[in-house]
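Colleague: Just to be clear, the model below is a prediction. Sequence and coordinates:
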Amino acid sequence: MGKLFIEEKMPNGAWTLMNNGKPIIQEQVFSSSLDFLNNGANEDDKLLLAYTAQNSGYPVLGTLLLNGYTDAVILNDFAIWQSDNMHTPSELQPIVAVNGSTKFMIVFRRVDSDKKGLFFFPGTINGNAVTYADSSGYPWYIHGTNQYSVNPTISVSKSASNTPVYWIAWQQNSPSGSSSDIYYKQITVHSNGSFTQYGGMMSGGSGYPWNRYPTITSIGNSARVAWQGYVGFIEDGMNKTGADEMEESRIIFKSTDWWQYWQFGYNVHKPNINRHDAENGYIFGWSQNGGQGIYFANNTTLSTISTVTGLQGYDVQISNGTDKSTMVANSYKTTQQPYFFTSSNGLSSFMKEQNLRIGSGREGIIRKGDVIFKYLVGDISRNGQEISFKEIPDTINLNSLGIINSYLETEPFTVNSNTELLYSVGFMVSDSVLGAEELNGGDEINFTLTINDATSGQQIALLDEVTYTKNALGNYGNIAFRATMEGMPETPVKLKLTVQSNFEHISSLARRINIGDVVEKSSTKTIAVASPLIVTEYSLSQNYPNPFNPVTEIEFALPEQSDVTLKVYDILGKEIATLASGNYSAGRYTVPFDGTSHASGVYIYKLSYGKGQSITRKMTLLK
């Protein structure tokens with residue numbers, strides 16, 4: 001056990017052990033990573049392998065340079081680093097990447113007595129020898145990492161460059177062990193031996209407290225990263241009785257230069273991403289449901305999931321290739337011994353129409369500390385016809401709630417008295433106990449789902465509203481809705497989710513894609529949406545947009561002719577504006593409020609009518 005083997009896929013598709021089926025080296029090996037150097041001729045192809053072994057109980061990091069064309073003949077075997085602390089060698093988690101001009105980088109974890117974090121060795125392959133940028137043999141530190149930095153992944157362009165740019169991502173566990181995030185670094189190694197690095201958090205708006213098992217590939221001047229998002233929680237919401245322990249895992253995908261997140265699949269395992277040579281293309285794949293199915297998405301059709309038929313297994317690896325037709329999925333099947341690798345056909349063959357319904361949804365996300373508040377709407381259809389969401393350009397900066405809310409809506413569609421609208425929602429807090437600790441007494445998160453007139457933007461109906469406060473943190477389930485619209489005139493509308501928060505937070509938007517429904521339904525409700533022309537009660541709508549700068553609009557509705565006033569007050573109760581005053585006929589009215597001359601903050605607006613009756617709401621001016 002613990003021996004190092006290399007298995008090669010032959011041109012006929014069969015897998016064959018190199019070195020005549022014998023271990024590459026005799027030492028016990030605990031973990032390893034492999035990359036290749038292609039110099040344009042088969043006899044010059046080389047494999048660079050980083051591995052961990054043990055010397056008198058101390059972990060050792062070693063490298064092997066192998067001839068990749070002549071059955072893995074060892075050209076160079078060198079131990080480059082040894083820990084001063086006795087621990088399991090597999091904790092080093094080495095990874096290696098080689099570019100197209102003999103430059104390479106090895107990244108590994110140090111958990112020594114005095115140094116902890118991710119470190120790296122840059123170097124060069126010179127013929128049959130390996131040299132390192134730092135002749136002292138001392139590894140360089142990746143800034144911001146520590147003993148909680150695990151599962152590193154690396155990528156570099158295969159172009160010939162003497163100033164390679166390496167992209168590294170890793171899982172950063174919290175010291176408490178209650179959450180984890182994905183971070184990345186771009187490290188450029190210069191010809192004079194110096195290096196520069198920058199990066200940051202990738203997963204802050206993923207919608208999941210646990211972000212694990214990253215995989216990365218470099219694309220031009222950026223990188224694409226996929227990982228597993230996970231949450232486990234107790235479901236005991238307002239619409240259900242009892243409590244159910246639940247868990248959810250999805251593939252999260254993001255570019256280092258995009259603001260939006262993508263979510264794929266359900267009950268997923270570790271993902272893997274790789275690129276091909278044509279037009280900076282890439283494919284990422286994963287298994288789900290206990291390894292019973294393998295799926296992938298690619299850069300040209302991210303809104304579609306393809307199924308790799310005939311392939312099963314937990315650990316999926318996506319090969320590189322000249323294009324999608326030469327890329328394959330490899331899986332390691334461990335359901336029974338002997339364990340073995342299996343490969344798919346070229347992945348482009350699975351991208352044809354598979355007669356599978358692909359569901360889609362949009363999720364609004366608020367994060368404070370390590371607590372996630374989120375609301376998902378999806379699986380929207382009108383009389384059996386699916387309704388699409390508003391398209392999001394890759395270049396858009398989703399850096400404010402106002403911009404995020406503008407993309408949490410569908411494309412316009414028409415409804416009338418014969419319309420049946422189906423949609424599903426799911427909303428939750430990742431940890432209600434931690435949420436009560438993070439939120440202050442006045443903190444509030446509000447999600448509203450409405451039907452709006454597609455032309456005027458005015459609200460026609462409030463479909464759902466969920467508010468989270470320090471004392472209201474129930475973890476709600478998933479619900480399917482059937483909305484009827486009897487008496488509704490022919491009206492162009494859109495379904496709109498609005499997210500609001502009155503405290504400092506991280507806000508984000510995620511697109512969810514799944515085969516079948518995107519929301520796992522636990523119950524179904526039927527509601528009736530009244531015609532917007534018929535007002536049956538006094539109402540004061542939430543202003544839009546909110547937060548706003550500097551102008552927002554406020555709508556109120558009257559079921560009968562009434563004397564009304566609509567006034568705005570600051571948080572201390574001082575009146576600052578009168579927006580409406582007088583006798584109004586029954587109907588709906590929209591008035592603007594201009595906050596140009598007022599300071600940022602929370603304001604109160606109040607509709608007074610009848611004999612001392614009133615409705616009050618809050619709005620936020622954010623300059």
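Modeller: Perfect, I can see it now.

Colleague: Pairing partners for the longest strand along the chain, with directions?
Modeller: Scanning the chain for the strand with the most residues, using DSSP state E, yields strand 222-235. Strand 222-235 has the following strand partners under DSSP bridges: strand 210-219 (antiparallel), strand 244-255 (antiparallel).

Colleague: how close does K116 get to D431?
Modeller: Using Cβ to Cβ, to the nearest Å, we find K116 at a distance of 27 Å from D431. Any C-beta I mention is one placed from the backbone N, CA and C, and that applies to glycine too.

Colleague: coming back round to it: any buried residues in the longest strand of the chain, and which?
Modeller: A223, R224, V225, A226, W227, Q228, G229, Y230, V231, F233, E235 (16 or more other Cβ atoms under 10 Å).

Colleague: thinking again about what came up before, more neighbours: K116 and D431, which one.
Modeller: D431 (23 against 16; other Cβ atoms under 10 Å).

Colleague: Now the more buried one: closest residue in space, sequence neighbours ignored.
Modeller: Once flanking residues are discounted, D431 sits nearest to V371: 5.7 Å by Cβ to Cβ, 6 or more residues apart in numbering.

Colleague: can you pull the contacts of the one you found?
Modeller: Applying Cβ atoms under 8 Å, 6 or more residues apart in numbering, one finds that V371 lies in contact with P209, V429, S430, D431, L434, G435, E438, L439.

Colleague: rerun at 10 Å
Modeller: V371 sits next to 179, 209, 429-439, 468, 473, 505 when contact means Cβ atoms under 10 Å, 6 or more residues apart in numbering.

Colleague: What's the local residue count around A510?
Modeller: So A510, with other Cβ under 10 Å, has 24 neighbours.

Colleague: Could you figure out how far the host helix or strand of it is turned away from strand 222-235?
Modeller: Counting by DSSP states H and E, the element that carries A510 is strand 506-515. With axes from the mean of the first three to the mean of the last three Cα atoms, to 10 degrees applied, the angle from strand 506-515 to strand 222-235 works out at 90 degrees.

Colleague: Would you mind pulling up the elements that strand 506-515 packs against?
Modeller: strand 244-255, strand 261-264, strand 293-298, strand 358-368, strand 371-382, helix 401-406, strand 491-501 (3 or more Cβ pairs under 10 Å, 6 or more residues apart in numbering; DSSP states H and E).

Colleague: Go again with 6 Å.
Modeller: With contacts defined as 3 or more Cβ pairs under 6 Å, 6 or more residues apart in numbering; DSSP states H and E, the packing partners of strand 506-515 are strand 261-264, strand 358-368, helix 401-406.

Colleague: Just send these back as a markdown table, with distance to F284, mean pLDDT and mean neighbour count too.
Modeller: A markdown table is the format used below for the helices and strands packed on strand 506-515 (distance: least, Cβ to Cβ, whole Å; pLDDT from 0 to 100; neighbours: other Cβ atoms under 10 Å):
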| stretch | distance to F284 | mean pLDDT | mean neighbour count |
| --- | --- | --- | --- |
| strand 261-264 | 9 | 96 | 24 |
| strand 358-368 | 16 | 94 | 22 |
| helix 401-406 | 24 | 93 | 20 |
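
Colleague: Distance to W170 added to those, as JSON lines?
Modeller: JSON lines is the format used below for the helices and strands packed on strand 506-515 (distance: least, Cβ to Cβ, whole Å):
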{"stretch": "strand 261-264", "distance to W170": "18"}
{"stretch": "strand 358-368", "distance to W170": "20"}
{"stretch": "helix 401-406", "distance to W170": "27"}
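
Colleague: Which stretch among the ones you listed approaches I252 most closely?
Modeller: strand 261-264 (6.0 Å; Cβ to Cβ).

Colleague: partners of the closest one in the sheet?
Modeller: Short version: by DSSP bridges, strand 261-264 pairs with strand 244-255 (antiparallel), strand 506-515 (parallel).

Colleague: can you tell me which of those the model trusts least?
Modeller: The stretch with the lowest mean pLDDT among the strands paired with strand 261-264 is strand 244-255, at a mean of 84.

Colleague: what angle do that strand and strand 293-298 make?
Modeller: Using the same axes, to 10 degrees: strand 244-255 against strand 293-298 is 30 degrees.

Colleague: start to end distance for stretch 526-541?
Modeller: 23 Å (Cα to Cα, to the nearest Å).

Colleague: How about the spatially most central residue of the chain, nearest residue that isn't a chain neighbour?
Modeller: In the chain, the centroid-proximal residue (Cα atoms, centre = their mean) is I252; its distance is 3.4 Å. Using Cβ to Cβ, 6+ apart and skipping residues adjacent in sequence, the residue nearest I252 is G229, 4.4 Å away.

Colleague: so that neighbour touches P209, yeah?
Modeller: No - in this structure, G229 is not within contact of P209 by Cβ atoms under 6 Å, at 8.7 Å.

Colleague: hang on, the earlier thing: who does the residue nearest to D431 bridge with?
Modeller: K368.

Colleague: Mind pulling the model confidence for it?
Modeller: 92.

Colleague: just L37 next, same as before
Modeller: Note on L37: pLDDT of 87.

Colleague: Low-confidence regions, the protein specifically.
Modeller: 1, 13, 39-44, 69-72, 233-246, 353-355, 475-476, 522, 531-534 (pLDDT under 70).

Colleague: How is it divided into domains?
Modeller: 1-201, 358-528, 539-621 (automatic domain parsing).

Colleague: How far does the shortest one stretch from one end to the other?
Modeller: Distances were taken as Cα to Cα; on that basis the terminal residues of domain 539-621 are 22 Å apart.

Colleague: contact partners of stretch 514-521?
Modeller: Residues outside stretch 514-521 that contact it (Cβ atoms under 6 Å, 6 or more residues apart in numbering) are Y266, I305, L356, G359, G361, G378, D379, S424, G426, N478, A480, R512.

Colleague: Now it: buried residues?
Modeller: Going by neighbour count (16+ other Cβ under 10 Å), the buried part of stretch 514-521 is N514, I515, D517, V518, V519, E520.

Colleague: picking that back up, partner residues bridging the residue nearest to the centre of the chain?
Modeller: Bridge pairing for I252 - DSSP bridges - gives W227, Q263.

Colleague: F36 versus the nearest residue to D45 once chain neighbours are set aside, what's the distance?
Modeller: Leaving aside its sequence neighbours, D45 sits nearest to G68 (Cβ to Cβ, 6+ apart; 4.0 Å). Taking Cβ to Cβ as the measure, G68 falls 6 Å from F36.

Colleague: still on that earlier bit, so what's the residue nearest to I252 up against?
Modeller: S206, Y208, N211, R250, I252.

Colleague: Let me see the contact set for the first one.
Modeller: For S206, the residues meeting the contact criterion (Cβ under 6 Å, 6+ apart) are G229, I252, Y261.

Colleague: you'd agree it is in a strand?
Modeller: No - secondary structure of S206 (DSSP: H, G, I helix; E, B strand; the rest coil): coil, not part of a strand.

Colleague: Now it: phi and psi?
Modeller: The phi and psi values for S206, taken as degrees, to the nearest 10, are phi -70, psi -20.

Colleague: measure it to P547 for me?
Modeller: 23 Å.

Colleague: now K158
Modeller: Distance from K158 to P547, by Cβ to Cβ: 46 Å.
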